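Novice: Got a sequence here, can you model it:
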Amino acid sequence: MMKVKAMKDKWGRDIDYLRLSLTDRCNLRCRYCMPEAVDSVGHDAVLRYEEILTVCRAALALGIDRFKITGGEPLVRKGALSFMAVLKALPGIRSVTLTTNGILLKKALPDLIRLGVDGINISLDTLDAGQYAALTGGGSLHTVVQALEAAAAENVNVKVNAVLLKETVPQLLALARLAQDLPVDVRFIELMPIGYGTSLPGLSADEALVRLKGAYPDLKETAERRGNGPASYYASAVLQGRIGFIAANTHAFCRTCNRLRLTSTGFLKPCLCYDDGVDLRALLRSGRPDTEIQALLQQALAEAIEDKPAKHCFAERKEISEHKTMNQIGG
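Specialist: Reported below is the predicted structural model:
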């Protein structure tokens, strides 16, 4: 199949990446995401897998060929692996990757390898078992580390995502050492002022980098692109992987943003911090013929790309109109 050229938004950016949230549900209660039980949306409100695939086909027709599977925790949704296998097999797909908290990953890993997953991001903010349990509402660090090691041993493209929190500063070097001991990338992510993230103290990427250079004096930025997203990567002679930073607050990467987000309820978001977008679920369930729905979806996606804002507003928090939690939006 001939590759379709990605659409450009009005700012000249190629939009070729769609993050797909399969569910708002999660088996952890991370403090900056959903630290307490929140009402989950009803099953009827969540897009069926066939509906998500219909959106993906429309996206592929516009040159969007990179897909990230997120949640909540995507692996808690029944049938997630079968859905990913069908998605991966669609003509024109360039990559299908997964973001997970790792609790269910070890069991899912053989199926993920069989379907040809292009990468797995594992959320892991600390390697202190007690602190991990406190941050996640009782999660098992041992379970996640086992899954991480198993994935690395199978030569899966693994990235560890660690949110930069004040309380986990003593864990920076321990987390970085994962990239020394294993062929994985460790990415430090500035805490975004969305949902519960507005109430917690974070750490800047620059502050973290200063601390890491104390342990790795030869740490130097590279020009590598090692995934779909905006991370900047640093290499050291003693590291098997890379150290990465996603610094949305202090080093905004909006001028190279290439993504859209689809929530589990079918709301298409051009930018994380604004509560603007398009209700694709209404289109999908409009009762129109399939060919008409496909055309309308392509039109809606094209309009969302055209209307994508120039930048987020994290620096002007009063301008943030998105007040849902990250599990409701899609991580």
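Novice: from here on, contacts and neighbour counts on C-alpha atoms
Specialist: Fine.
Novice: which residues in the stretch 51-200 of the chain form helices?
Specialist: For the stretch 51-200 of the chain, the helices defined by DSSP state H, counting those that start in this stretch cover 80-88, 105-115, 129-136, 141-153, 172-176, 178-181.
Novice: so what secondary structure elements neighbour the first one?
Specialist: Of the remaining helices and strands, those touching helix 80-88 by 3 or more Cα pairs under 8 Å, 6 or more residues apart in numbering; DSSP states H and E are helix 49-61, strand 95-100, helix 105-115.
Novice: Arrange the helices of the stretch 51-200 of the chain in JSON lines, one row each, with mean neighbour count and mean pLDDT as further columns.
Specialist: Listed next are these as JSON lines, based on neighbours: other Cα atoms under 10 Å; pLDDT from 0 to 100:
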{"stretch": "helix 80-88", "mean neighbour count": "17", "mean pLDDT": "98"}
{"stretch": "helix 105-115", "mean neighbour count": "16", "mean pLDDT": "98"}
{"stretch": "helix 129-136", "mean neighbour count": "17", "mean pLDDT": "97"}
{"stretch": "helix 141-153", "mean neighbour count": "18", "mean pLDDT": "98"}
{"stretch": "helix 172-176", "mean neighbour count": "20", "mean pLDDT": "98"}
{"stretch": "helix 178-181", "mean neighbour count": "20", "mean pLDDT": "98"}
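Novice: Show me the one of the ones you listed that comes nearest residue 189.
Specialist: helix 172-176 (11.7 Å; Cα to Cα).
Novice: coming back round to it: format the helices and strands packed on helix 80-88 as a markdown table; extra columns: distance to residue 177.
Specialist: Listed next are the helices and strands packed on helix 80-88 as a markdown table, based on distance: least, Cα to Cα, whole Å:
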| stretch | distance to residue 177 |
| --- | --- |
| helix 49-61 | 37 |
| strand 95-100 | 21 |
| helix 105-115 | 21 |
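Novice: Isn't residue 87 up against residue 53?
Specialist: Yes: in this structure residue 87 lies within contact range of residue 53 using Cα atoms under 8 Å: 6.8 Å.
Novice: I'd assumed residue 179 was in contact with residue 152.
Specialist: No: checked against Cα under 8 Å, the pair residue 152 and residue 179 is beyond contact range at 10.7 Å.
Novice: that older thread, now for the helices and strands packed on helix 80-88, which one comes closest to residue 79?
Specialist: helix 49-61 (8.6 Å).
Novice: Pull out the buried positions in the closest one.
Specialist: Neighbour counts over helix 49-61 (16 or more other Cα atoms under 10 Å) mark 49, 51, 52, 53, 54, 55, 56, 57, 58, 59, 60, 61 as buried.
Novice: What of stretch 158-176?
Specialist: By neighbour count on 16+ other Cα under 10 Å, the buried set for stretch 158-176 is 158-165, 168-169, 171-173, 175-176.
Novice: Kindly indicate which of those residues lies nearest residue 93.
Specialist: Taking Cα to Cα as the measure, residue 93 sits nearest to residue 158 out of those, at 19.7 Å.
Novice: sorry, back to before: so which of the helices and strands packed on helix 80-88 gets nearest residue 72?
Specialist: Closest to residue 72 of these, according to Cα to Cα: strand 95-100, at 8.6 Å.
Novice: For the closest one, buried residues please.
Specialist: Neighbour-count burial for strand 95-100 [16+ other Cα under 10 Å]: 95, 96, 97, 98, 99, 100.
Novice: Can I get the residues you listed in a markdown table including distance to residue 136 and pLDDT?
Specialist: Putting these into a markdown table (distance: Cα to Cα, whole Å; pLDDT from 0 to 100) gives the following:
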| residue | distance to residue 136 | pLDDT |
| --- | --- | --- |
| 95 | 29 | 97 |
| 96 | 26 | 98 |
| 97 | 23 | 98 |
| 98 | 19 | 98 |
| 99 | 16 | 97 |
| 100 | 13 | 98 |
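Novice: Now for residue 190, how many residues are close by?
Specialist: Neighbour count of residue 190, defined by other Cα atoms under 10 Å: 23.
Novice: quick one: it and residue 164 touch, right?
Specialist: Yes: Residue 190 lies in contact with residue 164 (Cα under 8 Å); the separation is 5.3 Å.
Novice: joint contacts of these two?
Specialist: 202, 203, 204, 205 (Cα atoms under 8 Å, 6 or more residues apart in numbering).
Novice: farthest-separated two in those residues?
Specialist: Spatially, the most separated pair among the shared contacts of residue 190 and residue 164 is 202 and 205, at 9.7 Å (Cα to Cα).
Novice: excluding its backbone neighbours, what's nearest residue 262?
Specialist: Nearest in space to residue 262, with sequence neighbours left out and distances taken as Cα to Cα, 6 or more residues apart in numbering, is residue 268 at 4.5 Å.
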